[in-house]
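Enquirer: structure, please.
(2 chains)
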Protein chains: 2
Amino acid sequence: MSVNSLGVDVGGTNTSLGLVDEAGRIVARGRISTLMGEGPESLVERIASKALSIAKDETIAQVGVGIAGLIDHHKGIVRFSPNLVGWKDVPLKEMLHERFGVPVAVGNDANVIAWGEYRFGGYGTEHLFCFTLGTGVGGGIVSDGRLILGANDAAGEFGHTPLDPDGSRCACGLRGCLESYVGSRHLVALAKRRMKKRSHLARLTSKEELTPKLLAKAAREGDEVAQRIFTEAGERIGRALGNVVQLLDPEVIVVNGGISKAGDLIIKPIRESLRHYTMPLRSRRLRVVKSKLGERAGILGAAFLPHAFTA
Amino acid sequence: MSVNSLGVDVGGTNTSLGLVDEAGRIVARGRISTLMGEGPESLVERIASKALSIAKDETIAQVGVGIAGLIDHHKGIVRFSPNLVGWKDVPLKEMLHERFGVPVAVGNDANVIAWGEYRFGGYGTEHLFCFTLGTGVGGGIVSDGRLILGANDAAGEFGHTPLDPDGSRCACGLRGCLESYVGSRHLVALAKRRMKKRSHLARLTSKEELTPKLLAKAAREGDEVAQRIFTEAGERIGRALGNVVQLLDPEVIVVNGGISKAGDLIIKPIRESLRHYTMPLRSRRLRVVKSKLGERAGILGAAFLPHAFTA
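Expert: Model (predicted):
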């Protein structure tokens, strides 16, 4: 019998569970519907019963949860989550602790992913910035081996880096946020608008819906409109990362999230752009890499989240 | 006999020393010429002899030094300093430790000031961002009570926040850095260019040289050109601070440096501007304040710098 940690990733539709051993291997997995409308007690109960069924007779030594939104990390309270509409100030840590009887931690999803990348990504650094590129753009900071949360638990809001004071209004209330330029919906809309008749992209989208994945395929196969969309996104991301580097001086910047699967299509323009926005230093240690963990980072970071607050 | 710490602030022309008691009071002061051309051994010797003369028979329990430039904080090596031209990779910590026989720390001046503000400013927070407005614009970060140094000891480079990718080239190699818009030289040059004949500012400068202090006086006395210069600088600083807030989520932003003496002339526009670049949060804890310590922050932070690395 080994000692395992349970990592839980609460999404708007589904909630994923993973049992993780001490070496950071996911040894069992499960998935349930989130069903936010049924309330916190129901979710906790269903997480517990799925956890017990995947753990079989293995011990669960600790539990961690990642969730989008504003989390009180020290108290483990979900202040507000876009994935759990109607939930407000839910003491999720306390509820899970009562049910499991082991240490529990609750964290913002982007912070949790950054923690997972730091603990298990094998980048060999104590100074890591991780951001996710998907529908939304989130960020998490590890500095000197510590998760940076900030005074309001709102640190790492990379997606809401203001890039253009005259830009369009973002859902967050600000103008010209990075997310509104490089979020996946924006990239898809841009591709639809710019797509040329009889182009490779047009042929591909005549058969299936346009997604970031299909956009990447088109770019790889030479479609210039698709390539340009990734290059432009990379340029803007590099500009926003310039602020991150000047302020935080990370050693490794990890790109996670759905769009990161485009690989060099997006990573190369980010690197190229960042060079223009980073103060030259004799032998600066800094690299931008695609996540090695991908979707596993959320489960791994959650499973070991209790360590983030006791270090 | 009480236990005191020695804080040293190495400038390009002068080096200030202060003996600080356990409550953070500067109980004795001294000043020597830096004379960078005479080399590190000479400076260490003169610091030591001045320190002993101001300490009289008081014990010096630890020594800290603040210095502009790129410092290896953990090793206490001055990699490069604009104030010490020609010095390269000087093991200042080791040299001072040999001379004083007590714990020594060496840090970048802006980090040291931030540490002083955190320890002795009485702002009641563990999450502080401090920046200095003067010829240069520096920044230092304290998050969760810890000084953030970064992977290359280059964190907190607030002055080199890229504001405009098409802006003019800064000495650091980047374009459109905050410092090139709000550094004191730029403000003075701007005032000279815009100054109206027979204005209040013109009358004032007919008698004495235009300095930021005189510019503040003119603004306070109603000169519109002078007022506008502070307002514009505040707008740009607020924009750059938006990035700081989104990434680090500080509770208190402390404005130090010569131009901070203009008080509300600069603080108010910073606050006003920052509001437009900060994601609204239900009851966000965040305030922008003028330094309470002023020039003392550098000596106090240096004196207690050894604590920053052993926390």
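
Enquirer: now the helices for the stretch 151-300 of chain A?
Expert: A:178-182, A:184-194, A:200-207, A:212-220, A:224-248, A:264-276, A:296-303 (DSSP state H, counting those that start in this stretch).

Enquirer: give me whichever of those helices is most buried.
Expert: Stretch with highest mean neighbour count among those: helix A:296-303 (a mean of 29; mean count of other CB atoms under 10 Å in any protein chain shown). No exception for glycine: its C-beta is placed from N, CA and C like everyone else's.

Enquirer: tell me what that one is packed against?
Expert: The helices and strands touching helix A:296-303, judged by 3 or more CB pairs under 8 Å, 6 or more residues apart in numbering or on different chains; DSSP states H and E, are strand A:3-10, strand A:14-20, strand A:26-33, strand A:59-67, helix A:109-120.

Enquirer: winner for burial among those?
Expert: Once neighbours are counted as mean count of other CB under 10 Å, the most buried of the helices and strands packed on helix A:296-303 proves to be helix A:109-120, having a mean of 28.

Enquirer: quick one, grab the pLDDT at the nearest residue to A:Gln227 once chain neighbours are set aside.
Expert: Leaving aside its chain neighbours, A:Gln227 sits nearest to A:Ala219 (4.5 Å; criterion: CB to CB, 6 or more residues apart in numbering or on different chains). pLDDT for A:Ala219: 97.

Enquirer: looking at the helices and strands packed on helix A:296-303, which is closest to chain B?
Expert: helix A:109-120 (11.4 Å; CB to the nearest CB).

Enquirer: for the closest one, output the C-alpha coordinates as PDB.
Expert: The C-alpha atoms that make up helix A:109-120 are tabulated as PDB, following Å, rounded to 0.1, in the frame of the first residue of the first chain:
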ATOM      1  CA  ASP A 109      -6.400  26.900 -11.300                       C
ATOM      2  CA  ALA A 110      -3.600  28.900 -12.900                       C
ATOM      3  CA  ASN A 111      -1.600  29.000  -9.600                       C
ATOM      4  CA  VAL A 112      -2.200  25.200  -9.200                       C
ATOM      5  CA  ILE A 113      -0.900  24.500 -12.800                       C
ATOM      6  CA  ALA A 114       2.200  26.700 -12.100                       C
ATOM      7  CA  TRP A 115       2.800  24.700  -8.900                       C
ATOM      8  CA  GLY A 116       2.400  21.400 -10.800                       C
ATOM      9  CA  GLU A 117       4.900  22.600 -13.400                       C
ATOM     10  CA  TYR A 118       7.300  23.700 -10.700                       C
ATOM     11  CA  ARG A 119       7.100  20.500  -8.700                       C
ATOM     12  CA  PHE A 120       7.000  18.000 -11.500                       C
END
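
Enquirer: say whether chain B is contacted by that helix.
Expert: No. If you take CB under 8 Å from any CB of the partner chain as the test, helix A:109-120 misses chain B, and the best it gets is 11.4 Å.

Enquirer: and that helix, what does it pack onto?
Expert: Under the contact criterion of 3+ CB pairs under 8 Å, 6+ apart, helix A:109-120 touches strand A:59-67, strand A:128-133, strand A:137-143, strand A:146-147, strand A:252-256, helix A:296-303, helix A:305-308.

Enquirer: so which residues on the stretch 151-300 of chain A come close to chain B?
Expert: With the criterion set to CB under 8 Å from any CB, the stretch 151-300 of chain A comes near chain B through A:151-158, A:160-162, A:165, A:172-175, A:239, A:242-244, A:246-251, A:276-282, A:284-286.

Enquirer: list the contacts of A:Arg285.
Expert: Neighbouring residues of A:Arg285 by CB atoms under 8 Å, 6 or more residues apart in numbering or on different chains: A:Glu251, B:Ala151, B:Asn152.

Enquirer: do you know the pLDDT at it?
Expert: In the predicted model, A:Arg285 carries a pLDDT score of 94.

Enquirer: so what does the residue of the stretch 201-311 of chain A found nearest chain B have for phi and psi?
Expert: Closest residue of the stretch 201-311 of chain A to chain B, CB to the nearest CB: A:Asp249 (2.4 Å). Recorded main-chain torsions at A:Asp249 are phi 50, psi 60, according to degrees, to the nearest 10.

Enquirer: so how many other residues sit close to it?
Expert: The local packing of A:Asp249 (other CB atoms under 10 Å in any protein chain shown) involves 27 other residues.

Enquirer: repeat for the one 3 residues further on
Expert: With neighbours defined by other CB under 10 Å, the count for A:Val252 comes to 22.

Enquirer: leaving aside the residues next to it on the chain, what's closest to A:Asn243?
Expert: Excluding the flanking residues, the one nearest A:Asn243 by CB to CB, 6+ apart is B:Asn243, at 4.3 Å.

Enquirer: how close does the one you found sit to B:Ala191?
Expert: The gap separating B:Asn243 from B:Ala191 is 27 Å, by CB to CB, to the nearest Å.

Enquirer: got it, and A:Leu52?
Expert: A:Leu52 is 72 Å from B:Ala191, by CB to CB.

Enquirer: if we can go back for a sec, dump the helices and strands packed on helix A:109-120 to TSV, plus mean pLDDT.
Expert: TSV is the format used below for these (pLDDT from 0 to 100):
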stretch	mean pLDDT
strand A:59-67	97
strand A:128-133	98
strand A:137-143	97
strand A:146-147	96
strand A:252-256	98
helix A:296-303	98
helix A:305-308	90
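
Enquirer: pretty sure the residue of the stretch 201-311 of chain A closest to chain B sits against B:Ile141.
Expert: No. With contact defined as CB atoms under 8 Å, A:Asp249 and B:Ile141 do not form a contacting pair (9.9 Å).

Enquirer: shared neighbours of these two, anything?
Expert: With CB under 8 Å, 6+ apart as the test, A:Asp249 and B:Ile141 both reach B:Ala155.

Enquirer: would you map out the domains in chain A?
Expert: With domains defined by automatic domain parsing, chain A comprises A:3-116+A:296-308, A:126-290.

Enquirer: between those, which one is nearest to B:Val3?
Expert: Nearest to B:Val3 among the domains of chain A is domain A:126-290 (28.6 Å), distances taken as CB to CB.

Enquirer: and the end-to-end length of the closest one?
Expert: Domain A:126-290 has its terminal residues 17 Å apart, counting by CA to CA, to the nearest Å.

Enquirer: which ones are touching the closest residue to A:Val106 other than its chain neighbours?
Expert: The shortest distance from A:Val106 to any non-neighbouring residue, by CB to CB, 6+ apart, is to A:Gly76 (4.2 Å). The contact partners of A:Gly76, taken as CB under 8 Å, 6+ apart, are A:Pro91, A:Leu92, A:Lys93, A:Glu94, A:Leu96, A:Val104, A:Ala105, A:Val106.

Enquirer: which among those residues count as buried?
Expert: A:Pro91, A:Leu92, A:Lys93, A:Leu96, A:Val104, A:Ala105, A:Val106 (16 or more other CB atoms under 10 Å in any protein chain shown).

Enquirer: which among the residues you listed gets closest to chain B?
Expert: Nearest to chain B among these, with distances taken as CB to the nearest CB, is A:Ala105, at 15.8 Å.
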